[in-house]
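Novice: Here's my sequence, what's the structure:
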Amino acid sequence: MQGTTEFFPVSSTAHLILFPWFLGWRGDVDTLTFDIALHAGTLIALLVCFWRDWIEIFLNNRRLLALLIVATLPAGIAGVLLNDIVENTLRSPIIIVITLIVFGMVMLISERFKKDREIKDITLLDAAVIGFAQAIALIPGVSRSGITISAGLFRGFERGLSARFSFLLSTPIIAGATLFEGKKLIANPANHDLGLFTAGMITSAITGFIAIKFLLHFFKRHPLNVFVYYRFILAVIISVGIWLKG
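Specialist: Residues are numbered from 1 along each chain as shown. Take a look at the predicted model:
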């Protein structure tokens, strides 16, 4: 689930919260620490898919590297400052219902702004806008890929380019979150089922790799609409679940 939904614009965090909630799972699988271990798997998928891009960026495209750093800062700062709020307050099915619908509408609207700007056209303002959009994705249900691709479309970029920039941008932020939360696992390994964490990480790495390859091809030809409709259906299902459990 993590490997697929991390890159599909449907919010991986929402799904990782909802599955334990629906199925009544408790323990390690219902913790932010386990979620971060799964994110480590998707980080591996990103590095496998884009290692050539990163080498090219570091060696020959320092301008793009600087823009990626600028775009990473808002989410990095917000993640450090708001970590406790995200972990303890925002992991709510009701919040997820709202964000699935609201940001699904944002994704639909963004398709109307799509043009044909290229990666060489990315400016400091573009990077800042996409970076602030990524910071909003700390809220479960928003979707990091969904909001950053939409921000790129609002800035007039082609959809395939927006997706590629979104995936590149997710690499440092996922790496940072993995290191930040990974300290808890390293400090108290006896408190967690390391076999469970390892299995989850490997699985998310494999499925994440497949999802990235699929989406890079898909977004060249198709809009975000199908994922928006999925978000709306999921919001309805969650609402029914809340009513039944309430």
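
Novice: Can you point out the buried residues in the helix or strand of the chain with the lowest mean pLDDT?
Specialist: Here the helix or strand of the chain ranked lowest by mean pLDDT, DSSP states H and E is helix 12-23, holding a mean of 72. Neighbour counts using 16 or more other C-beta atoms under 10 Å place Ser12, Thr13, Ala14, His15, Leu16, Ile17, Leu18, Trp21 of helix 12-23 among the buried residues. The C-beta positions use only the backbone N, C-alpha and C, and glycine is treated the same way.

Novice: who's in contact with the residue nearest to the spatial centre of the chain?
Specialist: The residue lying closest to the centre of the chain (C-alpha atoms, centre = their mean) is Arg144, at 3.4 Å. Arg144 makes contact with Glu6, Ser12, Gln134, Ala137, Ser166, Ser170, Ile173, according to C-beta atoms under 8 Å, 6 or more residues apart in numbering.

Novice: sorry, back to before: between all of the buried residues of helix 12-23, which two are separated the most?
Specialist: Ser12 and Trp21 (14.8 Å; C-beta to C-beta).

Novice: can you count the residues close to Pro223?
Specialist: Close neighbours of Pro223, defined as other C-beta atoms under 10 Å, add up to 16.

Novice: For Phe8, see how far away it is.
Specialist: Here the distance between Pro223 and Phe8 works out to 14 Å (C-beta to C-beta, to the nearest Å).

Novice: Check Trp51 too.
Specialist: 22 Å.

Novice: For Arg231, pull up the helix or strand it's in.
Specialist: In the assignment (DSSP states H and E), Arg231 maps to helix 225-245.

Novice: circling back to that earlier point, with the contacts of Arg144 in mind, which one is nearest to Tyr229?
Specialist: Ser12 (18.2 Å).
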